[in-house]
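*Asks:* here is my input, please return the structure:
(chains A and B)
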Amino acid sequence: MSSSPTKLEGSTSILAVRYALPELTLTHEELESRFGCDAMKRVLFGTGIRNRRVASDGVCGSDFAYEAASHLLREEAIDRDSIDLLIMCTQTPDYFLPTTACVLHERLSLKQSCACFDINLGCSQYVYALSVAHSMITAGVATLALVLTGDTVTRTLHPHDRAVVPLMGDGGSATLVGPTPLGQGFLGFKLGTDGSGHRHLMIPAGGFRRPHSVETAQETTDGDGNVRSQDTLYMNGAAIFHFSISVVPPTIYELLAELGLGMEQIDLFLFHQANKYMLDYLVRKLKIPPEKTFYFLEEVGNTSGSTLPIVLREAWSAGKIGPGKRVLLIGFGVGLSWAATVIRWPDSTALPQPAG
Amino acid sequence: MTQKQFSTQFAEMLNLEPDELTSDRTLDSIEGWDSVALLSAMVLIDAELGLTVRPDTLSKARTFGDIIAAVSSKLES
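*Replies:* Numbering: from 1, shown residues only, chains lettered A, B, ... in the order given. Got it, this is the predicted structure:
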């Protein structure tokens, strides 16, 4: 008897999304006392982020993923035995080993025939994970997937690094990916990498290339007065900005050309919610009308790989997404890595009923 | 866009009068020339001149004249 997977006669789509954030907020006012009012005024102008959520001690990104997944399974009445693929997206895992997805497997009481693994790509991880779930389901290797995200990036920052502290926030999400008729759901993906930019957004020490040491913990102060060490997150904001405005437009144009779609045929453009100033410029550069955009970062910050599922859920709840609408998602950043997809929102997000 | 138009817009971005932004004006002497201004400059140059200038081109500039030189190929003579 052949054991090769049976290819799915159809596509896959996002069927449900939930997210979870910490309660604790690091406010604009608190950062004014830390960095000065004038400096924070500039930061707010340059980023559009006013407040950001911060996880309490002992709380991990996986806890937000777990909370979001639990709500999703309960509220959508999903039988957890029907989940046979779990992808956990994080760059702040519970442990270096084992995989956080396996820890979540226990917490979510998933069956043993469920495949579980992590994807660690930061800003682009959500769309990469969707491409993997879509590929595995359409190839017949899985049937119903949970794509989770969860990070506590604020833990990796030096408290006096003004280049990153005002931007970053913590949180997580859960997305159900399952079958949908051909022509609906994911229409295509465009994935990319520029490894030559990997130094622009990194935590230099703590891995095996450069383990933590007294030396790596030494604080340095840069020309702007920002303090960091090799143990904390370094971001070259200008280089990331340059990368984003260089890569995002061609990626969108190429993906749409491959799908035979024009910009005007996309109903909603959702970008990784990194920085409103940059997104406003991208929207202007791409000539996207304002009603086809949606933002959600001012009060929650840049939650790394969770920004896309969070803004997607908010846009969906706000009525910007529904059956037949074409939504473009694009994540870009650390790696440097990027991923875009167009989803033709399905006519129905209900799960197909098993044959009687 | 002429050099004069570019200089006027650049000055406006930095809250300066056009005649305060001469080619020999050092960027260090401009109070508003910070990391946010550098991004705004990248946007201005990209939007008006169609040039996605590298950030180190701007951060290595000492005077406004250095920036003009970096974008001169896109300015009308």
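
*Asks:* host element of the residue in the stretch 51-200 of chain A positioned nearest to chain B?
*Replies:* Residue nearest to chain B within the stretch 51-200 of chain A: A:Ala163 (7.3 Å; Cβ to the nearest Cβ). (C-beta placed from N, C-alpha, C; glycine too.) For A:Ala163, there is no helix or strand it lies in under DSSP states H and E.

*Asks:* neighbours around it, how many?
*Replies:* Residue crowding around A:Ala163 was assessed by other Cβ atoms under 10 Å in any protein chain shown; the count is 21.

*Asks:* longest helix anywhere in chain B?
*Replies:* With DSSP state H applied, the helix covering the greatest number of residues in chain B is identified as helix B:35-49.

*Asks:* packing partners of it?
*Replies:* In terms of contacts (3 or more Cβ pairs under 8 Å, 6 or more residues apart in numbering or on different chains; DSSP states H and E), helix B:35-49 is packed against helix A:37-47, helix A:237-259, helix A:276-285, helix B:3-13, helix B:55-59, helix B:64-71.

*Asks:* can you redo those helices as JSON lines with distance to A:Phe296, mean pLDDT and mean neighbour count?
*Replies:* Formatted as JSON lines, these follow (distance: least, Cβ to Cβ, whole Å; pLDDT from 0 to 100; neighbours: other Cβ atoms under 10 Å in any protein chain shown):
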{"stretch": "helix A:37-47", "distance to A:Phe296": "14", "mean pLDDT": "94", "mean neighbour count": "17"}
{"stretch": "helix A:237-259", "distance to A:Phe296": "18", "mean pLDDT": "97", "mean neighbour count": "18"}
{"stretch": "helix A:276-285", "distance to A:Phe296": "10", "mean pLDDT": "96", "mean neighbour count": "18"}
{"stretch": "helix B:3-13", "distance to A:Phe296": "28", "mean pLDDT": "95", "mean neighbour count": "16"}
{"stretch": "helix B:55-59", "distance to A:Phe296": "27", "mean pLDDT": "93", "mean neighbour count": "17"}
{"stretch": "helix B:64-71", "distance to A:Phe296": "35", "mean pLDDT": "96", "mean neighbour count": "17"}
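
*Asks:* any idea how far whichever residue of chain B sits closest to chain A lies from A:Pro204?
*Replies:* Relative to chain A, the nearest point of chain B is B:Pro55 (3.3 Å; Cβ to the nearest Cβ). In this structure, B:Pro55 and A:Pro204 are 20 Å apart, going by Cβ to Cβ, to the nearest Å.

*Asks:* what of A:Met278?
*Replies:* The gap separating A:Met278 from A:Pro204 is 24 Å, by Cβ to Cβ.

*Asks:* A:Arg34 now?
*Replies:* In this structure, A:Arg34 and A:Pro204 are separated by 24 Å, where distance is defined by Cβ to Cβ.

*Asks:* before we move on, what about A:Lys111?
*Replies:* Counting by Cβ to Cβ - A:Lys111 and A:Pro204 are separated by 40 Å.

*Asks:* likewise A:Leu130?
*Replies:* With Cβ to Cβ as the criterion, A:Leu130 and A:Pro204 are 30 Å apart.

*Asks:* which of these two has more neighbours?
*Replies:* Residue environment comparison for A:Leu130 versus A:Pro204 gives the larger neighbour count to A:Leu130, 28 against 16, counting by other Cβ under 10 Å.

*Asks:* and the stretch 151-300 of chain A, which of its residues are near chain B?
*Replies:* Remark: the part of the stretch 151-300 of chain A in contact with chain B comprises A:163, A:224, A:236-239, A:241-242, A:245-246, A:277-278, A:281, A:284-285, using Cβ under 8 Å from any Cβ of the partner chain.
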